[in-house]
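Asker: just need the structure, nothing else, for what follows:
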Amino acid sequence: MSPSLGLQQSLKQQLTLSPQLIQTFEILAMSTLELQQRIKTEIEQNPALEIPTDRSVSIERISEQEQRSRPDDDFSDSAAYDPSTYRSTVRLSSNYDQEASDKNQQFLEGTLTTSETLQDYLLRQLGCLKISETEYELGKMIISNLDHNGFHRNPVETLAKGEKRRLLLATLPIVQSLDPPGIAADDFRQSLVLQAKADNLSTRELGIFSRIVYEYLELLRLNKIKEVARDLQTSEEEVQNIYRYLKTLNPFPGLQYDTMETHYVVPDLFVRKIEGRLQLRLNTEVLPTLTIDPEFTSLSADPRDSAHDETTAYINNAVKSANQLISQIHMRSETMKKIGLELLKFQHGFFLRGPRYLKPLTYRQIAEELSLHETTISRAVQGKYIDTDWGILPIKELFSSALQTTIPGKEDVSKRAVMDMVKEMIEQHDGEKPLSDQKIADQLAQKGIKIARRTVSKYRKNLHIDSSYERPT
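Answerer: Below is the predicted model:
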């Protein structure tokens, strides 16, 4: 029987995200630095966008633009949160707390600087030496082979053959004599030895120093001074003196001239305790004021021009895209403000008294308070930082899982609070032997916090603290 052909109807639901909504989510998830770069890109590509640099003109223009693009905007310069237990004041920085023209001009100009590379610095020194043209060219060859640490990328002996190789190796000490000390080495160990030679250690001291660098660094890291002194047939005092001297040296001397891009942290929120009250401030100073260029919107094509419709559509699309970006950035700021308010409410103890008082908190709790989806909160805090009296930290660290306590009536504690307890126990311990992970777990159990030894070990490693075996007594 042959299959029959026919039409069938089916009903199904399908959620499709518009490009505008996708872009809104993207901007919400961006860090401040990423958003700065996005704004620069948009300004370069969209002629309808402008950053005003004349404050006297821009205030009126911005006011009109905000009325057009944000009809439901309830963004205010100040708000207060007053539960019965405390009062928190929220101050949202106005775009005009400082000269808007200065801020916008700085954003436009940027601060592009070119640092001197390690190779540039070495070549400049090499050119000042009284050496032959051949030695200079061979020195350039050695310098061009150095990586960002100041070490050889490829073994020096492989850079040339025959007589040229012999001359190259003879030129190597000339390059090694340049500043910074320790460059043109095979690895960090040889670099340390070169630095010790440059400091004119005695033959005996240099011999002990070299053996320590090549054979005993791990034992010294474990504080096995007596064992190292016995093997080297010298006193513990001398080993300690040499080890202290070694710590003053730079094992990677070229890094100070490394031109790799430095990634800076720019907080989105600031929380400070001022006169007994918590104050929240949204960081708007690092972002420019965006407006629609009125000169661009006033452009109109000649109706007799064959490209009239195309030109008009281009202008309208550019203005629409610019308005959407302005609205999306505003929405991002509003979302961060609301999340900041909720964090003040939930983590009040942390902001006032420190990490020990951080409470368990999930994205869902904040989402329910703000009537948003949990993933929206996750996107909003990802890659963003908050500046507090206890340091600058990722906002996501204020969300911590709960650890149940065994003492009836005692509230659950957060993972971050327990980590702070572990750190305090290790730092304040004054016994003959360092606290082991099991001893720490036992002490926490006495406080009603029951966790396994391996969990303590995990927390300790996250705190970058060595094990009891490795910590000095």
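Asker: return the set of buried residues in the host helix or strand of Glu26.
Answerer: If you go by DSSP states H and E, Glu26 is part of helix 19-29. The neighbour-count check on helix 19-29 (16 or more other Cβ atoms under 10 Å) flags 23-24, 27-29 as buried. Using the backbone N, CA and C atoms, a C-beta is placed for each residue, glycine as well.
Asker: what is the neighbour count of Glu157?
Answerer: 13 (other Cβ atoms under 10 Å).
Asker: doesn't it belong to a helix?
Answerer: Yes. The assignment for Glu157 is a helix, going by DSSP: H, G, I helix; E, B strand; the rest coil.
Asker: how far off helix 19-29 does the longest helix belonging to the chain point, in degrees?
Answerer: Criterion DSSP state H: the longest helix present in the chain is helix 308-346. Counting by axes from the mean of the first three to the mean of the last three Cα atoms, to 10 degrees, helix 308-346 lies at 40 degrees to helix 19-29.
Asker: once you drop chain neighbours, what's closest to Ala367?
Answerer: Nearest non-adjacent residue to Ala367, counting by Cβ to Cβ, 6 or more residues apart in numbering: Glu374, 4.5 Å away.
Asker: and what of Phe346?
Answerer: Nearest residue to Phe346 in three dimensions, chain neighbours excluded: Leu361, at 5.3 Å (Cβ to Cβ, 6+ apart).
Asker: residues near the one you found, how many?
Answerer: Leu361 has 19 neighbours, counted by other Cβ under 10 Å.
Asker: SS state for it?
Answerer: Secondary structure assignment for Leu361 (three-state DSSP): coil.
Asker: can you mark which positions in the longest helix of the chain are buried?
Answerer: Under the neighbour-count criterion of 16+ other Cβ under 10 Å, helix 308-346 has 315, 318-319, 321-330, 332-344, 346 buried.
Asker: for stretch 247-267, same thing?
Answerer: 249-254, 257-258, 266-267.
Asker: reformat these as JSON lines; add secondary structure and distance to Arg230.
Answerer: Shown next, in JSON lines, are those (DSSP: H, G, I helix; E, B strand; the rest coil; distance: Cβ to Cβ, whole Å):
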{"residue": "Leu249", "secondary structure": "coil", "distance to Arg230": "25"}
{"residue": "Asn250", "secondary structure": "coil", "distance to Arg230": "29"}
{"residue": "Pro251", "secondary structure": "coil", "distance to Arg230": "26"}
{"residue": "Phe252", "secondary structure": "coil", "distance to Arg230": "31"}
{"residue": "Pro253", "secondary structure": "helix", "distance to Arg230": "32"}
{"residue": "Gly254", "secondary structure": "helix", "distance to Arg230": "36"}
{"residue": "Tyr257", "secondary structure": "helix", "distance to Arg230": "41"}
{"residue": "Asp258", "secondary structure": "coil", "distance to Arg230": "40"}
{"residue": "Val266", "secondary structure": "coil", "distance to Arg230": "53"}
{"residue": "Pro267", "secondary structure": "coil", "distance to Arg230": "52"}
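Asker: lowest pLDDT pick from these?
Answerer: Least confident of the buried residues of stretch 247-267 in the model: Asp258, at 69.
Asker: picking up where we left off before, which one of the buried residues of stretch 247-267 sits closest to Leu287?
Answerer: Distance to Leu287, by Cβ to Cβ, is smallest for Val266 among the buried residues of stretch 247-267, at 9.7 Å.
Asker: ok, now which ones touch the closest one?
Answerer: Contacts for Val266 (Cβ atoms under 8 Å, 6 or more residues apart in numbering) come out as 31-33, 283, 286, 385.
Asker: try it again with 10 Å
Answerer: With contacts defined as Cβ atoms under 10 Å, 6 or more residues apart in numbering, Val266 is in contact with 31-33, 35-36, 283, 285-287, 384-385, 387, 392.
Asker: same question, Pro253
Answerer: Each residue near Pro253 by Cβ under 10 Å, 6+ apart is listed here: 118, 149-151, 179-185, 188, 191-192, 194-195.
Asker: low-scoring stretches of the stretch 151-300 of the chain, by residue?
Answerer: The model of the stretch 151-300 of the chain has pLDDT under 70 over residues 258-263, 300.
Asker: please redo it, this time with the cut-off set to 80
Answerer: Judged by pLDDT under 80, the stretch 151-300 of the chain has its weakly predicted residues at 222, 257-264, 297-300.
Asker: what about the helices in it?
Answerer: For the stretch 151-300 of the chain, the helices defined by DSSP state H, counting those that start in this stretch cover 162-176, 188-198, 203-211, 217-221, 225-232, 236-247, 294-297.
Asker: now those as a markdown table including distance to Met425?
Answerer: Below are the helices of the stretch 151-300 of the chain laid out as a markdown table (distance: least, Cβ to Cβ, whole Å):
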| stretch | distance to Met425 |
| --- | --- |
| helix 162-176 | 47 |
| helix 188-198 | 34 |
| helix 203-211 | 37 |
| helix 217-221 | 23 |
| helix 225-232 | 26 |
| helix 236-247 | 27 |
| helix 294-297 | 64 |
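Asker: which one of those helices lies nearest to Gln365?
Answerer: Once the helices of the stretch 151-300 of the chain are compared by Cβ to Cβ, helix 217-221 is nearest, at 43.3 Å.
Asker: so what secondary structure elements neighbour the closest one?
Answerer: Packing partners of helix 217-221 (3 or more Cβ pairs under 10 Å, 6 or more residues apart in numbering; DSSP states H and E): helix 188-198, helix 225-232, helix 236-247.
Asker: give me whichever of the ones you listed is most buried.
Answerer: Most buried of the helices and strands packed on helix 217-221, by mean neighbour count (mean count of other Cβ atoms under 10 Å): helix 188-198, with a mean of 20.
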